[in-house]
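> this is a predicted model, with the sequence first.
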Amino acid sequence: MTSNSTDLVHSLSFWWRVSRYDPALRDERGAHQVETWTSVADVGNRYDGHELILAEYERVESAYLAAFVAFANETGVEHFQVRDLERGDGLDEGAILTLHAATGVVGRMLREDVICKLEAPSDRFALHVGFDLYMYVGSSDWCPDAMRQARELGLYVEPDWPSPQLLEGDK
């Protein structure tokens, strides 16, 4: 394992930002220009004349989880270490998780119940979830099949986008 997450940003060749937000709808600063829901806390609120229902949130969350699994599988990673744990009942800093267990943690990260980073002990993969349903995936491998799968699930995949958590953490 690298000594810290800042080292990891340099050891992984590829980074993507995965989200439900269309990059074509951003302004020159990168801010999304359409008012839309950004978390599970928005269930019950109205956006563009429609109420966000739990089933719609869960459909999108499932797409994120499937994208995570696709990137992990294409990289060949089956175990993940909990790093920089800030919040997460039942989790311990440094714990090693299987892909199945990590997928559950990613779901909790998307719901802002858990704040941590998941990084492969082999230094070949990292996953960070930011606010507003932004998921950052780092891999030692280019993952064209995972990118395609994420897009087919309705997500947008932006290459060359390292996690801001790497740049801010470990100062």
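Here it is on my side, so go on. Numbers count the residues shown, from 1 in each chain.

> can you tell me the SS state at the most centrally placed residue in the chain?
Centroid check for the chain by CA atoms, centre = their mean gives residue 135 as the closest residue, at 2.4 Å. Following DSSP: H, G, I helix; E, B strand; the rest coil, the label given to residue 135 is strand.

> beta partners for it?
In this entry, residue 135 is beta-bridged to residue 18, residue 129, by DSSP bridges.

> wait, residue 16 touches residue 156, no?
No: Residue 16 lies out of contact with residue 156 (CB atoms under 8 Å); the separation is 9.7 Å. C-betas here are computed from N, CA, C, even on glycine.

> look at those two and report which has more neighbours.
Set residue 16 next to residue 156 and count neighbours by other CB atoms under 10 Å: residue 16 wins out with 24 against 16.

> tell me the SS of the more buried one?
Residue 16 ends up strand, using three-state DSSP.

> residue 125: how many residues sit nearby?
Neighbour tally, residue 125, other CB under 10 Å: 26.

> ok, it - contacts?
Taking CB atoms under 8 Å, 6 or more residues apart in numbering, we find residue 125 in contact with 12, 71-72, 75, 77, 80, 119, 137-140.

> list the beta-bridge partners for it.
Here residue 125, judged by DSSP bridges, has bridge partners residue 139.

> quick check: buried residues in stretch 69-89?
Buried residues in stretch 69-89, counted by 16 or more other CB atoms under 10 Å: 69-72, 74-75, 77, 79-83, 88.
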